[in-house]
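S.K.: Got a predicted structure here, sequence first:
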Amino acid sequence: MGRKAKYSDGQFLDAARTLAARKGPEAVTIAGIADAVGAPIGSVYHRFPSRDLLMARLWLRTVRSFQDGFLELLARGDAKAAALYTPRWVREHFDEALLLLLYRREEFFGDAWPEEIQYDARLLLRRLDEGIIDFTISRFGGVSEEMLQRTVFALIDVPYAAVRRYLLQGVPPPMFVDDTIEKTSRAIMGDDDEDT
């Protein structure tokens, strides 16, 4: 029987997340990750043969962390909760939010996904697209480009814009942001006459 691994993928990814959140993705090095975990550099390379692969896995893990809850709310048809998911997730996952909402994927690992995870990346994108389409059909009784754009704007673009300015300041969004997001999203989705 083999020895139990002393260090886990999660420890290295957590260290990379913390470094990237504090200093930006360009500051993340294999040596810095190893130092943060207290592991030999070789242990990092044993699990992640390249920095690009490690950073791509961190990006995917972060996207998945956000998407899982968001897609669950879309599947339930809960537009209000879906619109408010972003500020709530940001407050609960502040370091991850800094990565996901302040940086572009290319700042983590370049223009192309490492080959080892291209399938996972395509799957995440497809899940989001399908979730938005299914929600739009359920909400509007059909789907058109305008309906899709309205849904994306109300449930993704508005919440993103509302929280990003606070992330740039390095602070979580205040609670009043939720009310603004809710009212704006309801108006876009055609629910501006609902009681609050």
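M.R.: On my side now, so go ahead.

S.K.: quick one, helices of the chain?
M.R.: Per DSSP state H, the chain carries helices over the ranges 9-23, 30-37, 41-47, 51-75, 79-92, 94-102, 106-109, 118-140, 145-152, 158-169, 176-188.

S.K.: buried set for the last one?
M.R.: What that stands for is helix 176-188. Using 16 or more other Cβ atoms under 10 Å as the test for burial, helix 176-188 gives 177-178, 181-182, 184-186, 188. The way it works is simple: take the backbone N, C-alpha and C, and place the C-beta from them, glycine included.

S.K.: Export those to TSV and append columns for pLDDT and distance to residue 160.
M.R.: Below are the buried residues of helix 176-188 laid out as TSV (pLDDT from 0 to 100; distance: Cβ to Cβ, whole Å):
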residue	pLDDT	distance to residue 160
177	97	12
178	98	14
181	97	10
182	97	15
184	96	12
185	95	12
186	94	17
188	94	14
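
S.K.: So which bits of stretch 160-168 are buried?
M.R.: In stretch 160-168, counting by 16+ other Cβ under 10 Å, buried: 160, 162-164, 166-167.

S.K.: likewise stretch 92-104?
M.R.: 93, 96-103.

S.K.: and which of the residues you listed is nearest to residue 44?
M.R.: residue 99 (18.6 Å; Cβ to Cβ).

S.K.: just for the protein, where's the confidence low?
M.R.: Within the chain, the segments meeting pLDDT under 70 span 1-5, 192-196.

S.K.: any idea how far the residue nearest to the spatial centre of the chain is from residue 159?
M.R.: Compute the mean C-alpha point of the chain, and by Cα atoms, centre = their mean the closest residue is residue 63, 3.4 Å away. In this view, residue 63 and residue 159 are 16 Å apart by Cβ to Cβ, to the nearest Å.

S.K.: returning to what we had before: pretty sure the residue nearest to the centre of the chain contacts residue 124?
M.R.: Yes - Residue 63 lies in contact with residue 124 (Cβ atoms under 8 Å); the separation is 5.7 Å.

S.K.: returning to that earlier point: I'd like the buried residues of stretch 92-104 written out as TSV, with distance to residue 142 added.
M.R.: Shown next, in TSV, are those (distance: Cβ to Cβ, whole Å):
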residue	distance to residue 142
93	34
96	35
97	34
98	38
99	36
100	31
101	31
102	36
103	36
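
S.K.: What count of nearby residues applies to residue 122?
M.R.: Using other Cβ atoms under 10 Å, residue 122 has 11 neighbouring residues.

S.K.: I meant to write residue 142 there.
M.R.: Residues lying near residue 142 (other Cβ under 10 Å) number 8.

S.K.: what do you get for residue 61?
M.R.: 18.

S.K.: Please name the residues that touch it.
M.R.: Contact analysis of residue 61 by Cβ atoms under 8 Å, 6 or more residues apart in numbering lists residue 13.

S.K.: Roughly how far does it sit from residue 108?
M.R.: Noted for residue 61: a distance of 11 Å to residue 108, by Cβ to Cβ.

S.K.: Over to residue 163?
M.R.: Residue 163 is 20 Å from residue 108, by Cβ to Cβ.
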